[in-house]
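# From the sequence below, what's the structure:
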Amino acid sequence: MGETLGEAADAAEAASNSAVLDAVARSGFAVMALLHIIIGAIAVALVLGAPGQAEPTGAIEQLAANPWGPAVMWAGFVGCAGLALWQLSEATLRARHLPRGERPGKLVSSGFLSIAYGSVGLSFAGFALGNRGDSGDSSKDLSITLVRNPLGVPVLIGLGLTIVGIGVYFIIKGVGKKFKEELHYFEGTHRGRLVSGLGVAGHIAKGVALILTGLLFVIAAATNNPGSATGLDGSLKALLGHPFGPILLLLIGAGFVAYGVFALVRARFGRM
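Now for the predicted structure:
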């Protein structure tokens, strides 16, 4: 029985290493890169007084508004679904070859990314079908549901702290240039230094944004005000009410654009 399961896992891993899934997953990376660039542009526009939602659904809405909207939506869905499937194979099939001590971490990190990419893919499908969502409203709905549950407050605090932890991880990854493990193509060249600079700025900006988002969840739980957990868009817009907030929002917006450009290079040349 165990031998049969092992053979089935090997066959599934071989399928996950196919050129087709590799190409689709890379297209998913490119889709996520484009969303980061649009979110960054929206964040900058907010400082200038323009309306917009600086979050994935806001970026998808921008893409849906063009004449090729439906086709772009389905292409985004396929790319994100492929990327989610690839991350799932990283968390399970390929993680089998790691030392036992490293497997839980890989399961958590790649498993979380698989869920995140799959969620974005579902947002693309929703827009393609005419069901437009708002991640800020979804965050509030989740917070309200949790707070009404007897164990909801600790869970909401745990969720917020997890997002903060991911944000700290992104900052550490950016400052330490650990992303270079994923991309060696331009190493030692002028282009390599440019890509490295984009990676540092982008990872730090994304980390700061995630920390702000996570803190809103923690504050919502601590103050019993679930409506204050408004996701990425709400956390960025909250900066506008502080003295140096607009400057920080400009830097975060520019950082998201930098991360998006870096991710485009990662999509084309990065290791899979």
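
# Show me the helices in the stretch 51-200 of the chain, by range?
For the stretch 51-200 of the chain, the helices defined by DSSP state H, counting those that start in this stretch cover 56-64, 69-91, 103-128, 135-148, 152-175, 190-222.

# Can you name the next helix or strand after the last one?
Just to be clear, that refers to helix 190-222. Moving toward the C-terminus from helix 190-222, the next helix or strand (DSSP states H and E) is helix 231-237.

# Buried residues in that following helix, which are they?
Within helix 231-237, the residues that count as buried by 16 or more other C-beta atoms under 10 Å are Gly231, Leu232, Asp233, Gly234, Ser235, Leu236, Lys237. (C-beta placed from N, C-alpha, C; glycine too.)

# ditto for stretch 85-101
Leu85, Trp86, Gln87, Leu88, Ser89, Glu90, Ala91, Thr92, Leu93, Ala95.

# Run through the protein and note the low-pLDDT ranges.
1-17, 94-98, 132-152, 184-188, 224-230, 272 (pLDDT under 70).

# domains for it, by residue range?
Domain segmentation of the chain under automatic domain parsing yields 1-133, 135-257.

# what about the ones you listed, which gets the closest to Leu264?
The closest of the domains of the chain to Leu264 is domain 1-133. By C-beta to C-beta, the value is 4.4 Å.

# measure the most centrally placed residue in the chain to Arg191 for me?
In the chain, the centroid-proximal residue (C-alpha atoms, centre = their mean) is Ala116; its distance is 6.3 Å. Plainly put, Ala116 is 29 Å away from Arg191 if you go by C-beta to C-beta, to the nearest Å.

# repeat for Gly176
Applying C-beta to C-beta, the value for Gly176 to Arg191 is 21 Å.

# before we move on, what about Gly167?
Counting by C-beta to C-beta - Gly167 and Arg191 are separated by 28 Å.

# Who has more neighbours out of the two?
Counted by other C-beta atoms under 10 Å, Gly167 and Arg191 do not tie: Gly167 has more neighbours, with 21 against 12.

# Excluding sequence neighbours, find me the nearest residue to the more buried one.
Closest residue to Gly167 apart from its sequence neighbours, by C-beta to C-beta, 6 or more residues apart in numbering: Leu210 at 3.2 Å.

# now swap in Tyr169 and tell me
The nearest residue in space to Tyr169 (C-beta to C-beta, 6+ apart) is Gly207, at 7.3 Å.

# for that neighbour, what are its contacts?
By C-beta atoms under 8 Å, 6 or more residues apart in numbering, the residues touching Gly207 are Gly167, Val168, Tyr169, Phe170, Ile171, Ile172, Lys173, Gly174.

# Just the buried ones from these?
Restricting the contacts of Gly207 to buried positions leaves Gly167, Phe170, Ile171, Lys173, Gly174, with burial counted as 16+ other C-beta under 10 Å.

# between these, which is closest to Asp22?
Using C-beta to C-beta, these come closest to Asp22 at Lys173, 23.3 Å.

# burial count for Leu122?
Neighbourhood size, Leu122 [other C-beta under 10 Å]: 16.

# Next up, the contacts around it.
Per C-beta under 8 Å, 6+ apart, neighbours of Leu122: Phe77.

# Ala23 versus that one, what's the distance?
21 Å.

# what do you get for Leu156?
Counting by C-beta to C-beta - Leu156 and Ala23 are separated by 39 Å.

# Out of the two, name the residue with the larger neighbour count.
Between Leu156 and Ala23, counted using other C-beta under 10 Å, the more crowded position is Leu156 (24 against 13).

# Let me see the contact set for Leu240.
Leu240 sits in contact with Leu46, Val47, Pro246, Leu249, where contact means C-beta under 8 Å, 6+ apart.

# Identify the farthest-apart pair in those residues.
Pairwise distances across those (C-beta to C-beta) peak at 8.7 Å, for the pair Leu46 and Pro246.

# who's more crowded, the two?
Leu46 (22 against 15).

# Surely that one is in contact with Ala238?
No - applying C-beta atoms under 8 Å as the test, Leu46 and Ala238 come out as separate, 11.1 Å apart.
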